[in-house]
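>>> Only the shape, not the letters, is given here:
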């Protein structure tokens, strides 16, 4: 019963695992600075790009999943919005 609902549900455990893996990959490739994702300055391997893309896709499919990674992108999103506003 504990695995059906709440913080120990299979879905929550999976989401937590994927979010943690995503953040670890960002850190490993120096794409996280002060808790915020930054633009890549070095080329990532195909496998690493594929892994990041796959995890981001999984975590962005549903609104409640997006909450896991949205805070990492607040600065980049603000930059994009600012550039669009100034265009």
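Received the coordinates, thanks. The structure displayed is predicted, hence computed values, not measured ones. Residues are numbered from 1 along each chain as shown.
>>> and the residue nearest the centre of the chain, how far is that from residue 87?
For the chain, the residue nearest the mean C-alpha position is residue 69 (4.0 Å; CA atoms, centre = their mean). Residue 69 sits 27 Å away from residue 87, going by CB to CB, to the nearest Å. Where C-beta positions appear, they are placed from N, C-alpha and C, glycine not excepted.
>>> quick revisit: need the contact list for the residue nearest to the centre of the chain.
19, 22-23, 56, 59-60 (CB atoms under 8 Å, 6 or more residues apart in numbering).
>>> Which of these has the largest number of neighbours?
In terms of neighbours by other CB atoms under 10 Å, the contacts of residue 69 top out with residue 22 at 22 neighbours.
>>> Now do it against residue 85, distance only.
Taken as CB to CB, the span from residue 22 to residue 85 is 29 Å.
>>> do the same with residue 64
Distance of residue 64 to residue 85, computed by CB to CB: 29 Å.
>>> Next: residue 77.
12 Å.
>>> the more surrounded of the two?
Taking neighbours as other CB under 10 Å, residue 77 and residue 85 compare with residue 77 leading, 11 against 7.
>>> Validate this expectation: the more buried one resides in a strand.
No - under DSSP: H, G, I helix; E, B strand; the rest coil, residue 77 falls outside any strand and is assigned helix.
>>> Return the per-residue confidence for it.
At residue 77, the pLDDT value in this model is 90.
>>> What of residue 3?
49.
>>> Could you do residue 54 as well?
96.
>>> Which secondary structure state does it sit in?
Secondary structure, three-state DSSP: residue 54 is helix.
>>> Any figure for the gap between it and residue 22?
To residue 22, residue 54 is 10 Å away according to CB to CB.
>>> who does the one helix or strand in the chain whose mean pLDDT sits lowest touch, helix- and strand-wise?
Lowest by mean pLDDT, DSSP states H and E among the helices and strands of the chain is helix 63-66, with a mean of 84. Counting contacts by 3 or more CB pairs under 8 Å, 6 or more residues apart in numbering; DSSP states H and E, helix 63-66 is packed against helix 46-59.
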